[in-house]
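Peer 1: Turn this into a structure:
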Amino acid sequence: MGTKEYDVVTVTISRRAALSLGMSATSAVLWGCEGKASRLGAGAAVSPQQDERLGTSPPKAAQASVWLPEKTRAFVVCLGRFQGEPEGQSTWSLTERNDPAFVDLLRTRGVPTKQLVHLADQAATSEAIQTQLAALLAQSKPEETLLLYVGSHGSYKAKTDAHGFSSFDGHLPVETLFAPLESSFRGARVLLFSDTCYSGGFVEKAEQNVKRRSGEGFAYGAVSSTGPHEVAWSGWRFVDLLMRAFSGNPVVDEDADGVVSLSDLANYASRHMAFIAEGRSISLISPGLSPSYALAKAARKSHPRVGERLEVEWPAPPAGSSERGSFYAAEVIEARGEELKVHYTANLKTESDEWVSQQRTRPFRPAQYEEGAAVSVKASSKKWYPARVKARFESLHLCSYDGWSSEYDEWFGPSRIRAAQGESVEATALPAPSDDLPK
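Peer 2: Down below sits the predicted model:
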């Protein structure tokens, strides 16, 4: 049976910054339109002899291990504005918006325009999402891939374990997407990418459907921007992560074998989203879909330190001054000699990218709390409450609110957790975290 790979699964930075992350605009070798390579078995490396033997027309069995854009239908739903918002205001910065660039990348890779649906903002009404998805699925054929991306507000009701997402003019349960998928999709696999608050709920729903079918039927490869119980602050950075993967950016090639595989994407997402957005990305690679399923051929890094995550002092202290700046999360995008070019990962803006000396950098080492430790955590209401640590991953801690059941457990990043000693925290009237309202 398929299982969520909580330890195998996000980055997202700007498209412009991605181009400078170890690869020029012309150095990335895109893969898949002609099926020129495959991965043979989970975790198996592809030797030069195997690559030569596959040639330009690999056998059918090999094709199943490589993403073929020309045999893909893509359904991209992305909202940055919603009905009722004042003119000139939006939930997220529209200047950093990159879903059109992601759609362009899919088209460039070879997804036929007639098989690609992109619904944004006012075009993404509840009716349009349902009718256009149904129409796309009705045209699906055996052996095809469906790439489905949803970026919007999300909701979670702990009492009923129900997840949903916002359309431009309303709110839809995740079943609105899964019901037609399960009944109408004739293809072999669904690549599902969810980018909402509580987006891990999409992954859990996919897993439930696989279990219900006892592993029969089409396979799911799913990656979320955060967990099923957590709010999200990814902005457009999860889309940027996907663009890195599908363009063969070497920082996503976690095992450095020259291929960006589905497991590479899942692993990279889990670590990178924890670092840049304090999100607990989770994934599912179900039976019938190999973890080594190849999304793109990876370019080579221009320097071993490209992609390194660290903290940078900003602003730079004046020469001879004892004053020190604050430290901010950043990622190395270039290196030369003793200098590093860094991108500050709080957003996608590249105007602040700069060359820094190594004296201005330090490793990212957030506070760590042992399992069972008493802590204070900040809920989505922005109030602090007593809790206990249940598990750790990277810089994140899974915590249980004191006196509340596990349905309300959350992963907390460094900005939302602190030691309990000496803290004055409320122990009563803890609201169900975003129990009824979409975020």
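Peer 1: And the helices in the stretch 251-400 of the chain?
Peer 2: Under the criterion DSSP state H, counting those that start in this stretch, the stretch 251-400 of the chain contains helices at 262-277.
Peer 1: Same check on the stretch 1-150 of the chain?
Peer 2: In the stretch 1-150 of the chain, helices defined by DSSP H, counting those that start in this stretch lie at 15-19, 48-54, 60-63, 99-109, 126-138, listed in chain order.
Peer 1: rank those helices by pLDDT, which is bottom?
Peer 2: Ranked on mean pLDDT, the bottom entry among the helices of the stretch 1-150 of the chain is helix 48-54, at a mean of 28.
Peer 1: And the strands in the stretch 51-200 of the chain?
Peer 2: 72-78, 116-120, 145-151, 154-157, 162-166, 171-173, 189-195 (DSSP state E, counting those that start in this stretch).
Peer 1: Present the ones you listed as JSON lines; the columns should include mean pLDDT.
Peer 2: Conversion of those to JSON lines gives the following (pLDDT from 0 to 100):
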{"stretch": "strand 72-78", "mean pLDDT": "98"}
{"stretch": "strand 116-120", "mean pLDDT": "98"}
{"stretch": "strand 145-151", "mean pLDDT": "98"}
{"stretch": "strand 154-157", "mean pLDDT": "96"}
{"stretch": "strand 162-166", "mean pLDDT": "97"}
{"stretch": "strand 171-173", "mean pLDDT": "98"}
{"stretch": "strand 189-195", "mean pLDDT": "98"}
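Peer 1: Highest mean neighbour count out of the ones you listed?
Peer 2: Using mean count of other Cβ atoms under 10 Å, the stretch among these with the greatest mean number of neighbours is strand 189-195 (a mean of 27). Every C-beta, even on glycine, is put in place using the N, C-alpha and C of the backbone.
Peer 1: Using CSV, write out the CA atom coordinates for that one.
Peer 2: Coordinates of the C-alpha atoms in strand 189-195 are reproduced here as CSV (Å, rounded to 0.1, in the frame of the first residue of the first chain):
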residue,chain,number,x,y,z
ARG,A,189,-0.7,8.5,-13.0
VAL,A,190,-1.5,11.8,-11.3
LEU,A,191,1.2,14.3,-10.3
LEU,A,192,-0.6,16.3,-7.6
PHE,A,193,0.9,19.5,-6.1
SER,A,194,-1.1,21.3,-3.4
ASP,A,195,-0.1,24.8,-2.2
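Peer 1: mind listing what's buried in the helix or strand just after it?
Peer 2: The helix or strand immediately downstream of strand 189-195 is helix 200-212, counting by DSSP states H and E. Of the residues in helix 200-212, those scored as buried under the neighbour-count criterion (16 or more other Cβ atoms under 10 Å) are 200-207, 209-210.
Peer 1: now swap in stretch 109-126 and tell me
Peer 2: Neighbour-count burial for stretch 109-126, counted by 16+ other Cβ under 10 Å, picks out 109-111, 115-121, 124-125.
Peer 1: wait, residue 215 sits on residue 207?
Peer 2: No: here residue 215 does not reach residue 207: they are 11.0 Å apart, not a contact under Cβ atoms under 8 Å.
Peer 1: Now do residue 315 against residue 348, distance only.
Peer 2: Going from residue 315 to residue 348 by Cβ to Cβ, to the nearest Å gives 21 Å.
Peer 1: more neighbours, the two?
Peer 2: Set side by side, residue 315 and residue 348 show unequal neighbour counts under other Cβ atoms under 10 Å, the larger going to residue 348 at 23 against 10.
Peer 1: Fine by me, thanks again.
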